[in-house]
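Trainee: Here you go, sequence then predicted model.
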Amino acid sequence: MIYYIPAFFIVLDFISLLLFSYLSKCYNTEILVDKYDDKELNSYFGRNSFAQVELNLAFTILLFCEFVYFVICLFYPFWVISVIVIAVGAIYGILTINIKNPIEKVIKKAKLKNFHSSDLKFDRLLKLNELNDVKIYKISPVHILISLKIIIFASIIIYYCNINPEIDRIGYYSDKVDLTDSKDTLKSVTERYKVRVFIKEVEKYSNGLLKIELTKVEVLEGWNPNQYDWVKTCIKYKFSSLKKESDITWLEIKK
């Protein structure tokens, strides 16, 4: 069902949270590789960068799937918040494409642990960087964005667990069938048969509609008992699986 899709996104977003620091390290190391022609740095980058392109592609596909999910499922009460979060993430990504951090901050983000450069100039820069007080925030806007998405997906699951619990609600609504004796058109008589249609709730929507399943038809009034089977057939023929919740009289809930 479509309500279980958020749980899948939560798992993927948790994984992306865990891998974001790794991708940030690879990205900043790559900046240093492009800036400094150092054999040791190239070798270090080759040993420590694994599936960077593939992970970026996977995260891009994840964002696209989440966007499609929110576009399709606009009936959620808080879909506006969800779309805003996705839009803010996209805008943030576009605005930060060309932002260049100071080289000290890039080195810190690259987390070059136990690394010694073969280039004298770069080696000095590494040592100077250790003396500079460059603040690197562990919690970035990307972490906040992913966390907000997880909260929203969790809210969707909680919301639908509350309004559509895993129990079968049963109820009924009243209906009628008019039958006409057409043997003699001049003396034809129309008789009304009142019925009670018993249903079981299958799914609940936020717009007040229910998806229901027919369980039983009971004829309450009607002069000719021989027509009861035909009346039931008529009710089954015109039965609709969508019904307003306000039209249903609910019985005790089956545990």
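Mentor: Okay, I see it.

Trainee: could you show me where the strands are in the protein, in order?
Mentor: 170-180, 190-204, 209-221, 242-244, 249-250 (DSSP state E).

Trainee: So which of the ones you listed is nearest residue 69?
Mentor: strand 190-204 (18.0 Å; CB to CB). In short, each C-beta sits where N, CA and C put it, glycine included.

Trainee: Residue 108 reaches residue 128, doesn't it?
Mentor: No: look at residue 108 against residue 128 with CB atoms under 8 Å: they stay out of range, at 12.0 Å.

Trainee: Looking at the two, which one has more neighbours?
Mentor: residue 108 (18 against 12; other CB atoms under 10 Å).

Trainee: Please report how far that one lies from residue 210.
Mentor: According to CB to CB, to the nearest Å, residue 108 and residue 210 sit 57 Å apart.

Trainee: will you turn the strands of the chain into a markdown table that also has distance to residue 24, mean pLDDT and mean neighbour count?
Mentor: Putting the strands of the chain into a markdown table (distance: least, CB to CB, whole Å; pLDDT from 0 to 100; neighbours: other CB atoms under 10 Å) gives the following:
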| stretch | distance to residue 24 | mean pLDDT | mean neighbour count |
| --- | --- | --- | --- |
| strand 170-180 | 54 | 90 | 16 |
| strand 190-204 | 42 | 89 | 16 |
| strand 209-221 | 45 | 90 | 15 |
| strand 242-244 | 49 | 90 | 13 |
| strand 249-250 | 54 | 90 | 10 |
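
Trainee: looking at those strands, which is closest to residue 60?
Mentor: Using CB to CB, the strands of the chain put strand 190-204 closest to residue 60, at 32.6 Å.

Trainee: I'd like to know which of the strands of the chain lies nearest to residue 145.
Mentor: Here strand 190-204 is closest among those (CB to CB), at 30.9 Å.

Trainee: which residues touch residue 179?
Mentor: The neighbourhood of residue 179, defined by CB atoms under 8 Å, 6 or more residues apart in numbering, consists of 190-191, 193, 227, 230-231.

Trainee: Quick check: the farthest pair among the residues you listed?
Mentor: It's 190 and 230 that sit farthest apart of the contacts of residue 179, by CB to CB, at 14.5 Å.

Trainee: how far away is the nearest residue to residue 201 once chain neighbours are set aside from residue 100?
Mentor: With sequence-adjacent residues excluded and distances taken as CB to CB, 6 or more residues apart in numbering, residue 201 is closest to residue 169, at 4.2 Å. Applying CB to CB, the value for residue 169 to residue 100 is 59 Å.
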